[in-house]
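Asks: Generate coordinates for the sequence data below:
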Amino acid sequence: MRKPNDVTLKEAITKMLSVYRLRGKYDETGVVAFWPELMGTAIANRTTQIYVNNKKLFVRIESSVIKNELLIVRTGIIQKLNEHAGGEVITEIIFL
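Replies: Okay, the predicted model is just below:
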């Protein structure tokens, strides 16, 4: 039987992330972890470095051909990453 002050584990973790101001970093880490799943193995294998700084996603890719293709679909990638994160985590992607 639930008591009136009981909360679910999800609510407790969400509240903890907000209280300790870790929500932003948690979302950024989720975006970086989601990159191989979103882009597939071909692009993930050619991605050498990926990190987030000031809502900008920096991605280093070995292949210039793939880099140019990703530049074309940049806005779609941003939308998919933000949908997965549940909010606006990424505003720009910079390919290195």
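Asks: What is the longest helix of this protein by residue count?
Replies: The longest helix of the chain (DSSP state H) is helix 23-39.
Asks: helices and strands around whichever helix or strand comes after that one, which ones?
Replies: Going down the chain from helix 23-39, the next helix or strand is helix 41-46, by DSSP states H and E. For helix 41-46, the elements it packs on are helix 64-72, judged by 3 or more CB pairs under 8 Å, 6 or more residues apart in numbering; DSSP states H and E. C-beta here means a position set from N, CA and C on the backbone, and glycine is covered the same way.
Asks: got the contact list for the next helix or strand after the helix it packs on?
Replies: Using DSSP H and E, the next helix or strand after helix 64-72 towards the C-terminus is helix 74-85. If you take CB atoms under 8 Å, 6 or more residues apart in numbering as the criterion, helix 74-85 is touched by 27, 30-31, 34-35, 38-39, 57, 70, 88-93.
Asks: cool, stretch 54-69 as well?
Replies: 31, 35, 42-43, 46-52, 70, 78, 81, 88-96.
Asks: Mind giving me the PyMOL select for the residues you listed, buried ones only?
Replies: Listed next is the PyMOL selection for buried residues among those, using 16 or more other CB atoms under 10 Å:
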select buried, resi 31+35+43+47+50+52+70+78+81+89+90+93+95
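Asks: got any ranges where this structure has weak pLDDT?
Replies: 1-2 (pLDDT under 70).
Asks: contacting residues around the residue positioned nearest the centre of it?
Replies: The chain has Val31 as the residue nearest its centroid, 1.3 Å off, counting by CA atoms, centre = their mean. Contacts for Val31 (CB under 8 Å, 6+ apart) come out as 52, 57, 81, 84-85, 89-90.
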